[in-house]
Every structure is written in C-alpha cells, then in structure tokens.
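A.B. asks: The following comprises the amino acid sequence and a computationally predicted model.
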There are 2 protein chains.
Amino acid sequence: MIIDCHGHYTTAPQSLTDFRDAQIAALKDPAQTPSRASLKISDDQIRDSLENAQLKLQRERGSDLTVFSPRASTMAHHVGTEATSLEWSQISNDLIERVVGLYPKNFVGVCMLPQSPGASLEGSVRELERCAKMGFIGANLNPDPSGGNWTSRPLTDRFWYPIYEKLVELDMPAMVHVSSSCNANFHATGAHYINADTTAFMQFIQGDLFKDFPTLRLIIPHGGGAVPYHWGRYRGLAQDMKRPPLDTHVMKNVFFDTCVYHQPGIDLLLKVIPVENILFGSEMVGAVRGVDPTTGQYYDDTRRYIDNSALSAGDKQRIFEENAYRVYPRLKARLRQQ
Amino acid sequence: MIIDCHGHYTTAPQSLTDFRDAQIAALKDPAQTPSRASLKISDDQIRDSLENAQLKLQRERGSDLTVFSPRASTMAHHVGTEATSLEWSQISNDLIERVVGLYPKNFVGVCMLPQSPGASLEGSVRELERCAKMGFIGANLNPDPSGGNWTSRPLTDRFWYPIYEKLVELDMPAMVHVSSSCNANFHATGAHYINADTTAFMQFIQGDLFKDFPTLRLIIPHGGGAVPYHWGRYRGLAQDMKRPPLDTHVMKNVFFDTCVYHQPGIDLLLKVIPVENILFGSEMVGAVRGVDPTTGQYYDDTRRYIDNSALSAGDKQRIFEENAYRVYPRLKARLRQQ
C-alpha cells in the first residue's frame, strides 16, 4: 500500500469558493454575509471534483490512500477575524469529512485549524477535538497566521503549547504548513512555503520543544524546505550553539515529506535524512501541475523518484507506508474499520 | 588561483564594535554620540584580527584571494535612521579598504550599502560610487533592510532600479545578502539568510528584471538557499506561470556560491546548476565555525567538497577562479595593478 501523506482539496467545487468570496466580502459589508445553509454541494459535485483529478492521479501513479486536508493556500488565516477562520475551518473540514465518507479507501482526513493573528489557540484546540471525533488523523498547523508578515511567536514558544498538548493527548501529528502570502516579497508556493519549512526546523534547533513534548510528532512538508540541502549548516549550527545532536534533539519528532520535484533533490533527501524520518508525499494536485520536459513525467509524480532511487525495497516500503503508521497512529485504526 | 567570493570581516577589532554600540546608544541618548575620530584602529590591530583567522584559513585551505566585505550580520540596516546606516557603512567600508591596502594579494573589497527601511537608494548609489573609486569590485544588497519584517518591495520593483543602474554603469555585481534578524521567528544564519536567498530567486522568476537590466549580475549566496534542492519546483513553477525557461529568464544573470557545508549538498548544487553559474565561496570566518565530527574537517572548508566532487579539472577551475572574472570584471583590473 502506498500512502501519500500530503494532499489538499485544491479542486473543491466552485460553490465553496463562492461562499468564501461572500464571507470575505461580508467583512466590509455585513449585508453580504452568506448563510451556511446557502452553501450547497452535492455528493456528485464532490465526486466530479475528484474523479478527474486526485482519484485519476492515484490510479495512474499507483498510490492508494491520500492523507487529505483543505486547500492550504485558501486557509488564509490572515483574512478576517477569529470568527471568520472558525466558520471557514468548520466548513472546509466538514467537506473533507464528506470526501472521506464517499471514498473511505482513497482518503483520510487531516484538518485545518481556525487560527487567526493574535488569537489564542483555544478555538483550534476545540476544532481539533471535533475533527478527531469525525475520524481525522492529524492537523495542519500554520506557523505564520499573518500570511507572510511573521508576527506570531516561534513554534517553540509556550503560546503554542495548548495545541501541542491536545495533539499529544489525541495521538495526532501536525504538519507545519503556512497558507497564502499577503506579503508581496513572498510567492506562496515558491518562497513562503519553503521558507516556513526552513524556519520551523531552525526554531526546533534553537528551542527545547521536544523535551516538553517527547511524543509530539511534526511533519515539515516540501522535503523539509532547505534543510536537507543545508544539512551540514544545521548540524554545524546546532554544534556551535551547544545544542544536542540533531538526531536526539529534533529528529525523534520531526518528519519530512517527499514533495521535492526532481530526482537529484529526492536523492539528496534520501541520502542525508534517515529513512525513518521520511514520509511519502506528492502534494498533488498542488503547487506544480505541469510535465517536466526533461523527463516527460509530471514534476509532482514523486513516486517515480523514490522508485528510481537506490534505496532497498524495504526502505522504500517504510517511506511509502510503514512510517505513516508510526506518525499517524489513528490511521491504522481507521483502516481496520473498513 | 582560488578566489573565495564570500568572506566577511567577522573578526574586526573590538573598538569597531564599541563604536557601533555607542552609535546605537546615541539613538536614544544623543549625548553618547561617538565621534568618528574616537574610533582608532591601528594597522597592527587589523593584522592581528586577520592573521589567526581568515589569513590562516586561506593558507591552511589553499585559497588565494577572498572577496571581502563588512560583517553581514552587523550591517543591521534596521537599526536607527538612514544617517545611522550611512555613517556605519562608510566606517565599515573604509575598514575593508584598509584591509585590502594591507593585504592586496589576499583580499579585494565588496561594500555594504547604507540602506534603511523606507529610505530611497540614493545614499546607496553614492556610497557604491565612492567605494568603486576605492577599488571595490561589488556590493552587498540587502533585500530586507527591515531585518526580518520584510516591509520593502520585491527586488524586481522599480524602487530598486537606481542601484541596478549604477551597478550596471560601474560593471559591478551585487550579492543579495540580508543582515541580522529582529524577528524572533528567524534565526539569522539558520533561517533568515537561507529564506532571503530562496525568496530573491522566486522574485526573479516572477518579475522581468533582467529584461530591463540584461547585463546585471546578482549573486545569491549560501548555495542559492533552497533553490537547487527544489530545482524541479522552480522549473515547474516558471512553466506553470508561463515564464520563459530559467536558463534564459534568470540564469544569464544569477550566480550561486558554494557556501553549502556538506558533500551531498555540494554534489547536488554541482549536478543541477550549470557550472558557469557557480562561484567558489566559503563564508569563512562565518556562520558555522566548528569541525564536522563525521569528516574531521571544518564544515565551511568548502574547497574540499569541490575537490572531492566528480567535476572535471576544468570545471573546478571555472568555479574556483574563471567564473569570478566574468562576474566581477573589476577584479582582473585590480589584479593587474599588483
């Protein structure tokens, strides 16, 4: 079985976008406030949105199950208030739950959280609990709810502890994943995403988060940002800063996915990062949708790169499947229900 | 000859730091304003600061000439006003000129610019001209003078054009290099530096800077941030965005250094980035100062990684020396004077 740990519902029906547009318009003009009842999406519309996209690509590429969450770029926690984020999170997560209900063999849910700049994480804790009850197996945690202005505190700050406590209690991991950027310096998928991954890892080196939460598991997507390429820099910085070695200080708790869109990048990842810290991911349908003219294959068909790598069959299986059971313990329970 | 394109004067005498501390204290208490005349650094103090550091490492590692600029982390353009930055830049650049005067075979100067958040680049243009007259061969350009708050415009914005016009006129390149971070989210050398490199490259993909400045040359340090590791992502994003291929759109004008502190990282860089776009750099004495216990060698002894790579002798020589003459045309003139 091949488990893709990183898929977003980037192809949701237009009426979801329309609702969100109205919700945003209502921030300036409350008369436009949409009612939740007005958002009507039929099961067939959900099926249509997936059959020629994620489900087709699963079949073509030979993956079985996608760990599926609301579209990352439209989480946009920086838009509106905490109440805006809460409503949008509930709607987005409920839609994921419907996807999972329609295709329980193809998808399992991960939720977005109703974060908002300056707001406490109480609402996020409640939404995480609600989603856990629906069968979700993890959450996406945005380290920068301000959308590229980076006004929040580092992930090692006690501000974040309530959500970590709940994640540990529920035995769920979080993927550290920013949303769109309202800072013109940062292209979302080309800079903000990768920078956030790199930033989070360095925060973990500086802090002692995993002393306080020894069983917390955090996934850094997009192959860990810049980290594997600069693995010597990070080992060296930790050493200069008299931090413990990375393998005990960070790598018992942090995992990288394989959303790296060329063979040499994946080869580097597999060479420098221990196999037990790598989860298969493709982010499809996501940041890069085209075909690489140098290979004739989709850039984000990351299974090919792992298939073509020098890893043993056993190590490939760890990345494709087995590691996911360790990182997402609720996944196995969920699969047993079927 | 081996030319290290990336060295900062990180070991300058204590009295320079004392002057800067007084300058910063004077922002709140003008009575503490230090006079420039009070800053006294003897030639012997300069020699002492280099002999057991950069010069020793040049000898030990077998590099010949370092392209040398003021300490990057202490540029701190976010501190004080434009006047603060101007005074600090002039002092810092003058000190580099003295280093070059004492060791003309070992160092050649690159200047810092008196940038300041919100300030125009007129002062930077004037300082660049002044430094060009002193024999400097390039400049460090900070894409985020706010120090981690990213309040300025992208590097492709017309705001930056005055400095590009002057760089082109003087036939000097700039290294895109941020300074320290006053944003607690970003560790300077572990996140802010690498993020800025990644961010700048993506800005170049989005914009059309090199249409307007076809001869402008910009160096992205630290091995190009995350870019080579995510080369497939960047090629794919450019393609999805209907931008021209990277080789014509960006790579006629952008160069990466080799400040990547482990063999697999350098191997990736050399594999995916054309040799003509790579300049030897070590950043010594810089971000990472320790010895890698897995190799018994200094992390930042980047010459070893290139020596150990699979490149041909000719390609190594391009990276070690020849590319530098193309990127820094004033370097050859400077060497001929000796």
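C.D. replies: Sure thing, it's come through.
A.B. asks: can you map out the strands along the stretch 51-200 of chain A?
C.D. replies: Taking DSSP state E, counting those that start in this stretch as the criterion, the stretch 51-200 of chain A carries its strands at A:65-70, A:107-111, A:138-141, A:174-176.
A.B. asks: Export the ones you listed as JSON lines, with columns for mean neighbour count.
C.D. replies: C-beta coordinates here come from the backbone N, C-alpha and C atoms, glycine included. Rendered in JSON lines, the data for the strands of the stretch 51-200 of chain A read as follows (neighbours: other Cβ atoms under 10 Å in any protein chain shown):
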{"stretch": "strand A:65-70", "mean neighbour count": "26"}
{"stretch": "strand A:107-111", "mean neighbour count": "27"}
{"stretch": "strand A:138-141", "mean neighbour count": "26"}
{"stretch": "strand A:174-176", "mean neighbour count": "24"}
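A.B. asks: Chain B: which of those is closest?
C.D. replies: Distances from chain B to each of the strands of the stretch 51-200 of chain A were compared by Cβ to the nearest Cβ, and the smallest falls on strand A:174-176, at 12.3 Å.
A.B. asks: ok now that closest one, how far from the chain's centre?
C.D. replies: When distances are taken as Cα atoms, centre = their mean, to the nearest Å, strand A:174-176 is centred 5 Å away from the chain's centroid.
A.B. asks: can you tell if that strand touches chain B?
C.D. replies: No: with Cβ under 8 Å from any Cβ of the partner chain as the criterion, chain B is not reached by strand A:174-176; the gap is at least 12.3 Å.
A.B. asks: Spell out the residue ranges of the strands in the stretch 201-338 of chain A.
C.D. replies: When secondary structure is read from DSSP E, counting those that start in this stretch, the stretch 201-338 of chain A shows strands at A:218-220, A:254-257, A:278-279, A:291-292, A:297-298.
A.B. asks: pLDDT on the first one, on average?
C.D. replies: So the one you mean is strand A:218-220. Model confidence over strand A:218-220 averages 98 on the pLDDT scale.
A.B. asks: Now for the nearest residue to residue A:43 once chain neighbours are set aside: which residues touch it?
C.D. replies: Distance criterion Cβ to Cβ, 6 or more residues apart in numbering or on different chains; nearest residue to residue A:43, sequence neighbours excluded, is residue A:102 at 6.2 Å. For residue A:102, the contact set (Cβ atoms under 8 Å, 6 or more residues apart in numbering or on different chains) comprises A:43, A:46, A:47.
A.B. asks: surely residue A:190 meets residue B:225?
C.D. replies: No: under the contact definition of Cβ atoms under 8 Å, residue A:190 does not touch residue B:225, with a separation of 11.3 Å.
A.B. asks: Quick one: end-to-end length of stretch A:26-36, please.
C.D. replies: The straight-line separation of the ends of stretch A:26-36 (Cα to Cα, to the nearest Å) is 13 Å.
A.B. asks: ok now stretch A:98-108, how far from the chain's centre?
C.D. replies: So, by Cα atoms, centre = their mean, the centroid of stretch A:98-108 is 17 Å from its chain's centroid.
A.B. asks: Give the buried residues for it.
C.D. replies: By neighbour count with 16 or more other Cβ atoms under 10 Å in any protein chain shown, stretch A:98-108 contains the buried residues A:99, A:100, A:103, A:106, A:107, A:108.
A.B. asks: out of the residues you listed, which one sits closest to residue B:22?
C.D. replies: Closest approach to residue B:22 among these (Cβ to Cβ): residue A:108, at 60.4 Å.
A.B. asks: Which elements pack onto the lowest-mean-pLDDT helix or strand in chain A?
C.D. replies: Ranked by mean pLDDT, DSSP states H and E, the weakest helix or strand in chain A is helix A:329-336, scoring a mean of 91. Using 3 or more Cβ pairs under 8 Å, 6 or more residues apart in numbering or on different chains; DSSP states H and E as the contact criterion, the neighbours of helix A:329-336 among helices and strands are helix A:323-327.
A.B. asks: Check the average confidence over the helix it packs on, would you?
C.D. replies: Averaging pLDDT along helix A:323-327 gives 98.
A.B. asks: what do you get for stretch A:241-254?
C.D. replies: The average of the pLDDT scores along stretch A:241-254 is 97.
A.B. asks: Tell me which residues of that stretch come out buried.
C.D. replies: Taking 16+ other Cβ under 10 Å as the neighbour-count basis, stretch A:241-254 is seen to contain the buried residues A:243, A:246, A:249, A:250, A:251, A:253, A:254.
A.B. asks: Next, format those as JSON lines and append distance to residue A:274.
C.D. replies: JSON lines is the format used below for the buried residues of stretch A:241-254 (distance: Cβ to Cβ, whole Å):
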{"residue": "A:243", "distance to residue A:274": "18"}
{"residue": "A:246", "distance to residue A:274": "10"}
{"residue": "A:249", "distance to residue A:274": "14"}
{"residue": "A:250", "distance to residue A:274": "12"}
{"residue": "A:251", "distance to residue A:274": "7"}
{"residue": "A:253", "distance to residue A:274": "13"}
{"residue": "A:254", "distance to residue A:274": "11"}
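A.B. asks: So which of the residues you listed sit within helices?
C.D. replies: Secondary structure assignment (DSSP state H) places A:246, A:249 from these within helices.
A.B. asks: Number of residues surrounding the closest residue to residue A:225 other than its chain neighbours?
C.D. replies: Here the nearest residue to residue A:225 in space, its sequence neighbours aside, is residue A:197; by Cβ to Cβ, 6+ apart that works out to 2.8 Å. Residue neighbour count, defined by other Cβ atoms under 10 Å in any protein chain shown, stands at 27 for residue A:197.
A.B. asks: Can you give me the pLDDT of residue A:286?
C.D. replies: The predicted structure scores residue A:286 at 89 on the pLDDT scale.
A.B. asks: try residue A:313
C.D. replies: Taken from the predicted model, the pLDDT recorded for residue A:313 is 98.
A.B. asks: quick one: contacts for it?
C.D. replies: No residues are in contact with residue A:313 under the rule Cβ under 8 Å, 6+ apart.
A.B. asks: Over to the residue in the stretch 1-150 of chain A that chain B sits nearest to: give its phi and psi.
C.D. replies: When scored by Cβ to the nearest Cβ, the stretch 1-150 of chain A has residue A:150 as its residue closest to chain B, at 4.8 Å. Recorded main-chain torsions at residue A:150 are phi 50, psi 60, according to degrees, to the nearest 10.
A.B. asks: Would you agree it is in contact with residue B:149?
C.D. replies: Yes: here residue A:150 reaches residue B:149: they are 7.5 Å apart, a contact under Cβ under 8 Å.
A.B. asks: Neighbour count for the two, which is higher?
C.D. replies: Neighbour comparison, residue A:150 and residue B:149: the larger count goes to residue A:150, with 27 against 18 (by other Cβ under 10 Å).
A.B. asks: what bridges to residue A:292?
C.D. replies: Beta bridges link residue A:292 to residue A:297, judged by DSSP bridges.
A.B. asks: Surely it is in contact with residue B:232?
C.D. replies: Yes: taking contacts as Cβ under 8 Å, residue A:292 lies within contact range of residue B:232: 6.6 Å.
A.B. asks: joint contacts of the two?
C.D. replies: Residues touching both residue A:292 and residue B:232 comprise A:261, A:262, A:299, with contact defined as Cβ under 8 Å, 6+ apart.
A.B. asks: quick one, what contacts the last one?
C.D. replies: Under the criterion of Cβ under 8 Å, 6+ apart, the contact partners of residue A:299 comprise A:261, A:262, A:288, A:289, A:290, A:291, A:292, B:232, B:233, B:235, B:236.
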